[in-house]
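1. test case, fold it:
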Amino acid sequence: MTERQPSEEVKLGEARAPYIVGQETEEEIRERIRIQFPPYFERFLDERDRRISAELRRIEEAVEQVRRDIARTSQDIEFRLNVLMEFHRTLDAKVDRLSEELRAEMDRRFEEQRAEMDRRHAELAEGLKSLRAEMRSHFRWTMGLLFPIVISVVAMLIQLFLNGAP
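-> Residues are numbered from 1 along each chain as shown. The predicted model follows:
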């Protein structure tokens, strides 16, 4: 029997291709992506996009409805203010035509009417203020719904551009 020298070590095992770090073929990248994303992932993305667009349409319809409601309410308030202004003008004309002996009574009634008009005007102004607050609330609510969607879409686009298309 012959003794082996330490430099004559026997190598056992299969011959392998050398391992190259940092270089992947296009096919290897595709295979890795196929492993990371199951085949139904594209259907999932399509379904998610469909749901997001449906939700966006629903939100846009809600915003449009709120805009129409605000416009209608604004027109109604404008109409009521015009009626009050016309009432005020006719009341002034009636007061001018009255005789002097009834003038004191009419002045009292006029003051009552003016106080009522001021009260109604204050109510309308308060109603307008609450409508504006409600409009702002609806707008913030709508933006609160849209903001995460927009952020997620932007994040997906950024991720798509940074990571490349699947």
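2. pretty sure residue 63 sits against residue 143.
-> No: in this structure residue 63 lies outside contact range of residue 143 using Cβ atoms under 8 Å: 9.5 Å. Backbone N, C-alpha and C define where each C-beta goes, glycine included.
3. contacts for stretch 60-67?
-> Applying Cβ atoms under 8 Å, 6 or more residues apart in numbering, the set of residues contacting stretch 60-67 from outside is 135, 138-139, 142.
4. I'd like the distance from that stretch to the chain centre, please.
-> When C-alpha coordinates are averaged (Cα atoms, centre = their mean, to the nearest Å), stretch 60-67 and its chain have centres 11 Å apart.
5. residue 93 is in contact with residue 110, correct?
-> No: under the contact definition of Cβ under 8 Å, residue 110 does not touch residue 93, with a separation of 11.7 Å.
6. and those two? which has more neighbours close in?
-> Regarding residue 110 and residue 93, a neighbour count based on other Cβ atoms under 10 Å identifies residue 110 as having more, with 16 against 9.
7. contacting residues around the closest residue in space to that one that isn't next to it in sequence?
-> Distances taken as Cβ to Cβ, 6 or more residues apart in numbering place residue 95 nearest to residue 110, at 5.7 Å, with adjacent residues excluded. Residues in contact with residue 95, defined by Cβ under 8 Å, 6+ apart, are 103, 106-107, 110.
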